[in-house]
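Engineer: Sequence plus predicted model, see below.
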Amino acid sequence: MRGEFLDGWIPFSYFLDEVLPRVNFVRELAPMRHLTRQFLRTEAVPDVACVLRGQLLDVQFAPWAPAHAAESIFSQADVCYFKTNGSCRGRGVVRLTREEFLKIDWSRQPSGVIQKPIIPHHFFDRMLPDRGPTLRVMTVLEPCGRAAVRTCYLRLARHTRDRVDADWQFNINVGVTDGRLMDHGFDSNYQAFTAHPDTGVEFQGLVYPFYESAVAQLCRWHEEFRLTGVIGWDICIDRDDRLRIYEWNLGLADIRFAEATRGPFLGGLGWEQLWKRRAAGAGNQSRGDNFRGDVGVGSE
């Protein structure tokens, strides 16, 4: 991609094996999508119901008869989306009409959340708006304790898919300070384009709507939820200029696209030293002094 080696790159395997286990203390909770709304305490999460251990519940976890649930859910929209816990890369998401919803035996379904659709901002009208354009924003807790945006990029669908799919998506880097789209975007094969390959929309001069206020709110939420050092947010600004959260990624905040196209972007956090701390900790385990808290925020 870049034609040279850049000091400071973090390989994805190192990020998975060394970084996330030490900066994220709630990885086991990450796939439990029904907890996102409870943790963040905001209406920005579009959950309208959830399924837990085969039982249909409302957002307050009270049992909900399917007929009553359908009456409430489909009074707001013609469709809803069922997202299983642990769904990722566009998989594990099912679009449902009212008729399809009522035919489902929810006692046999995996746990997950039911969400109402998000109608994207007019900014996306020429960018396949009915297919969930997503802004991926990565925030980290800096050594000073404040949350900051380290990278973000816009993920758009392709004509061949009905939603953003990791194997068929189009990504455009976005300026972390001003929300300005970069001149080039990349398909899933890392081919560069100056316009969306399906719609022909050019990116030069475009600015993501309400970017600064949106990422400021994400940083505030991260500072309130300090159980992880890194969060990958999937958000959208809706037709009414409101911030909406498709999901947050605690267990697996992917860094590959950002590292390849604009990285290294995770310097200054001390993460490159974590493997040394692990090795030293293993040697000191018998003395009970293997805990080290001096590298990064929330690190071992």
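Structural biologist: Nice, thanks for sending it over.

Engineer: Pull the number of nearby residues for the nearest residue to residue 26 once chain neighbours are set aside.
Structural biologist: Spatially, and ignoring its direct neighbours in sequence, residue 26 is nearest to residue 227 (4.6 Å; CB to CB, 6 or more residues apart in numbering). For the C-beta atoms, the positions are set from N, CA and C on the backbone; glycine is no exception. By the criterion of other CB atoms under 10 Å, residue 227 has 13 neighbours.

Engineer: do the same with the one 4 residues further on
Structural biologist: With neighbours defined by other CB under 10 Å, the count for residue 231 comes to 22.

Engineer: what packs against the helix or strand that contains it?
Structural biologist: Using DSSP states H and E, residue 231 maps to strand 230-237. Strand 230-237 sits against strand 134-141, helix 211-224, strand 243-249, with contacts defined as 3 or more CB pairs under 8 Å, 6 or more residues apart in numbering; DSSP states H and E.

Engineer: got TSV for these, with mean neighbour count, distance to residue 268 and mean pLDDT too?
Structural biologist: Below are the helices and strands packed on strand 230-237 laid out as TSV (neighbours: other CB atoms under 10 Å; distance: least, CB to CB, whole Å; pLDDT from 0 to 100):
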stretch	mean neighbour count	distance to residue 268	mean pLDDT
strand 134-141	24	10	96
helix 211-224	17	16	97
strand 243-249	21	22	92
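
Engineer: Output the ones you listed as TSV; include the columns distance to residue 128.
Structural biologist: Shown next, in TSV, are the helices and strands packed on strand 230-237 (distance: least, CB to CB, whole Å):
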stretch	distance to residue 128
strand 134-141	12
helix 211-224	20
strand 243-249	15
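
Engineer: residue boundaries of the helices in the stretch 151-300 of the chain?
Structural biologist: 211-224, 256-261, 274-284 (DSSP state H, counting those that start in this stretch).

Engineer: Of all these, which one comes closest to residue 3?
Structural biologist: Residue 3 lies closest to helix 256-261 among those, at 11.7 Å (CB to CB).

Engineer: how far does that closest one sit from the chain's center?
Structural biologist: Centroid separation for helix 256-261 versus its chain: 15 Å, with CA atoms, centre = their mean, to the nearest Å.

Engineer: Could the C-alpha coordinates of it be exported in CSV?
Structural biologist: This file holds the C-alpha atoms of helix 256-261, laid out as CSV (Å, rounded to 0.1, in the frame of the first residue of the first chain):
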residue,chain,number,x,y,z
ARG,A,256,-6.0,-3.1,9.4
PHE,A,257,-7.5,-0.6,7.0
ALA,A,258,-6.5,2.4,9.0
GLU,A,259,-2.9,1.2,9.5
ALA,A,260,-2.5,0.3,5.9
THR,A,261,-3.8,3.5,4.4
